[in-house]
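Engineer: Have a look at this prediction, sequence included:
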Amino acid sequence: MSRALFTSLLAVVLLTALPVWANSHLQVAYEMLEAMGAERLTNESLEVVLDHQVRANSEMEPFRQTLKVFYFKHAGWDSVKEDYAALYQEAFSEEELRQLTEFYRTQVGQKMLRLQPQLMEEAMMIGERRLDENIQELQQMVREREEFLSRSH
C-alpha cells in the first residue's frame with residue numbers, strides 16, 4: 001500500500017471516528033444524569049421552589065398552575081437536559097463521570113438521591129428560619145445605611 005493511500009485512509013478513519021470519540025464524553029454525561037435521576041430531581045426541585053414561593057406569598061396561589069407551566073417550560077428537564085449534560089461534561093472528565101455513575105447506582109447513591117429533595121427543602125427552611133430569627137438585625141442595618149446615605153447627600 002502506498003504511503004499516500006495509507007495516509008488518506010488513516011485521515012478518513014480519524015475524521016469519521018472523531019465525532020464518536022468527542023460524543024462519548026457527552027454520552028457518559030447523559031448516562032450519569034440518568035443514573036442520578038436528574039429528570040426527577042430537576043422536576044421535583046421546581047415543585048419545591050414553586051411550593052416555597054406560594055407559601056411565602058399566598059397571593060401567588062391563584063397563579064400556581066400558570067407559574068408551574070412557565071417553570072417547566074423554561075427550567076423543566078426537557079428544557080435543560082442538554083445544558084446539564086454539557087455542564088457536567090465540562091466539569092468532569094469522562095472517567096470521573098463514569099465513577100459518579102457507578103456511585104449513583106449503589107444503594108448509598110440511590111439513598112442520597114431519594115433524600116436529596118427533602119434535604120434540600122429542609123435546608124431552605126433552616127436558612128429561612130435563621131433569617132427570620134435575625135430580621136431585626138437586617139432592619140437595623142438598613143436603617144443605619146439609610147441614615148448614612150441621607151447624611152451623604
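Structural biologist: In hand now; what should we look at?
Engineer: need the next SSE after the helix or strand where Leu33 lies, C-terminal direction.
Structural biologist: Assessed by DSSP states H and E, Leu33 sits inside helix 3-35. Sequence order places helix 38-56 as the next helix or strand after helix 3-35, per DSSP H and E.
Engineer: who touches that next one?
Structural biologist: The contact list for helix 38-56 (Cβ atoms under 8 Å, 6 or more residues apart in numbering) reads 33, 60-61, 64, 67-68, 71-72, 75-77, 80-81, 84, 113, 116-117, 120-121, 124. The C-beta positions use only the backbone N, C-alpha and C, and glycine is treated the same way.
Engineer: Now do it, average pLDDT.
Structural biologist: On average, the pLDDT along helix 38-56 is 88.
Engineer: What residues sit buried inside that helix?
Structural biologist: For helix 38-56, a neighbour-count test (16 or more other Cβ atoms under 10 Å) marks 38-39, 41-46, 49-50, 54 as buried.
Engineer: Name the residues of the next helix or strand after it that are buried.
Structural biologist: Scanning forward in sequence from helix 38-56 by DSSP H and E, the next helix or strand is helix 64-75. Neighbour counts over helix 64-75 (16+ other Cβ under 10 Å) mark 67, 71-72 as buried.
Engineer: got those residues as JSON lines, with distance to Glu95 and pLDDT columns?
Structural biologist: Shown next, in JSON lines, are these (distance: Cβ to Cβ, whole Å; pLDDT from 0 to 100):
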{"residue": "Leu67", "distance to Glu95": "40", "pLDDT": "91"}
{"residue": "Tyr71", "distance to Glu95": "34", "pLDDT": "91"}
{"residue": "Phe72", "distance to Glu95": "34", "pLDDT": "92"}
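Engineer: Pick the one among these closest to Glu147.
Structural biologist: Using Cβ to Cβ, Leu67 is the member of the buried residues of helix 64-75 that lies nearest Glu147, at 38.0 Å.
Engineer: That closest one contacts Lys73, doesn't it?
Structural biologist: No - contact between Leu67 and Lys73 fails when scored by Cβ atoms under 8 Å: they sit 10.6 Å apart.
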